[in-house]
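Student: What follows is a predicted protein model with its sequence.
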Amino acid sequence: MDYKYSAIVLGNREIGETDRIYSFLTAEKGKVRAIGRGTRKPVAKLAGNLESLTQVEIFIHKTKGLGNISGVISVNSFSKLKENIDALEELLSISNILERIIQEEQKEEKVYAYFESFLNLAEKSVAEKKMIDFRFLKTGFLIKVFEELGYRLEVDKCVECGNNLTSGENYFDFSQGGIFCSQCKKNKIGGRAVSDDLIKAIRIILNNKLESLIKLKLGNQEKNSLEKLVESFYQWIWG
């Protein structure tokens, strides 16, 4: 059977002498993998449109097992974005994470829409030569993706007692995916201390569009703390 998908290329790995297996995030069926026959040959016609972080329309012929890529049309190559080394590094990191956490052939339409919006936002920002902290933008993006996959960070109520969080001494519990208060700390071992500004930033990220993150003012120390927290949470869930 032949299938057509709206997709973003996540990456590939080499197999055999001339082939690659490509991974795509699709609007219709989540992560899809397919074989690109001969795409490692110098004269391969398909390879140019199958670079990572390219938005495409992909055609796959499949009977059993992995299908074969029969055609590909480039929709957006994000060429300006790929010229920015800092942005490209963060986006390739996102691609690797998405490939790992998205289930194969399980529809994740909203995650696809998030990634499409993220790439368009990044491309536009680079083209307009705006100063963007792509590491922080990546962190915010991942928080929203984790929420969509059922791992929303709880930053409004204590995950132990259920009371509303107040400013002051609060901690993050990776096993419960959220914050617990200073009173509950007395009966718990571990937990990572989190500042009021960090909690506020997570709330803003969860409740606003990606575009809003560009305007969010957060100190470098808090940005680094948030990035480390999200990385640790990711490793806890999918490590």
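Tutor: Received, thanks.

Student: so how many other residues sit close to the residue nearest to Glu154 when sequence neighbours are not counted?
Tutor: Spatial nearest neighbour of Glu154, excluding adjacent residues (Cβ to Cβ, 6 or more residues apart in numbering): Gly178 at 2.8 Å. C-beta here means a position set from N, CA and C on the backbone, and glycine is covered the same way. Using other Cβ atoms under 10 Å, Gly178 has 21 other residues around it.

Student: Quick check: beta-bridge partners of Gly178?
Tutor: Following DSSP bridges, Gly178 is listed with bridge partners Glu154, Asp173.

Student: what's near enough to touch it?
Tutor: Counting by Cβ atoms under 8 Å, 6 or more residues apart in numbering, Gly178 touches Leu153, Glu154, Val155, Lys157, Val159, Phe172.

Student: could these be laid out in JSON lines, adding pLDDT, distance to Leu137 and neighbour count?
Tutor: Converted to JSON lines, these look like this (pLDDT from 0 to 100; distance: Cβ to Cβ, whole Å; neighbours: other Cβ atoms under 10 Å):
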{"residue": "Leu153", "pLDDT": "95", "distance to Leu137": "17", "neighbour count": "21"}
{"residue": "Glu154", "pLDDT": "95", "distance to Leu137": "23", "neighbour count": "17"}
{"residue": "Val155", "pLDDT": "95", "distance to Leu137": "19", "neighbour count": "21"}
{"residue": "Lys157", "pLDDT": "95", "distance to Leu137": "27", "neighbour count": "15"}
{"residue": "Val159", "pLDDT": "95", "distance to Leu137": "27", "neighbour count": "20"}
{"residue": "Phe172", "pLDDT": "95", "distance to Leu137": "21", "neighbour count": "24"}
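
Student: Looking at those residues, which one is closest to Ile202?
Tutor: Proximity of the contacts of Gly178 to Ile202, judged by Cβ to Cβ, is greatest for Val155, which lies at 4.8 Å.

Student: residue contacts, that closest one?
Tutor: Contacts of Val155 by Cβ under 8 Å, 6+ apart are Leu165, Gly178, Ile179, Ile199, Ile202, Arg203, Leu206.

Student: From Ala122, how far out is the nearest residue to Arg135 once chain neighbours are set aside?
Tutor: Closest residue to Arg135 apart from its sequence neighbours, by Cβ to Cβ, 6+ apart: Glu90 at 5.8 Å. Going from Glu90 to Ala122 by Cβ to Cβ, to the nearest Å gives 9 Å.

Student: what do those two both touch?
Tutor: Applying Cβ under 8 Å, 6+ apart, one finds that Glu90 and Ala122 are jointly contacted by Phe134, Leu137.

Student: neighbour count winner among those two?
Tutor: Neighbours were counted for Glu90 and for Ala122 using other Cβ under 10 Å; Ala122 has more, 26 against 19.

Student: For the more buried one, give me the pLDDT.
Tutor: Predicted confidence (pLDDT) for Ala122: 90.

Student: Report the next helix or strand after the strand or helix carrying it in sequence order.
Tutor: In this structure, Ala122 sits in helix 109-127 according to DSSP states H and E. Counting by DSSP H and E, the next helix or strand C-terminal to helix 109-127 is helix 134-148.
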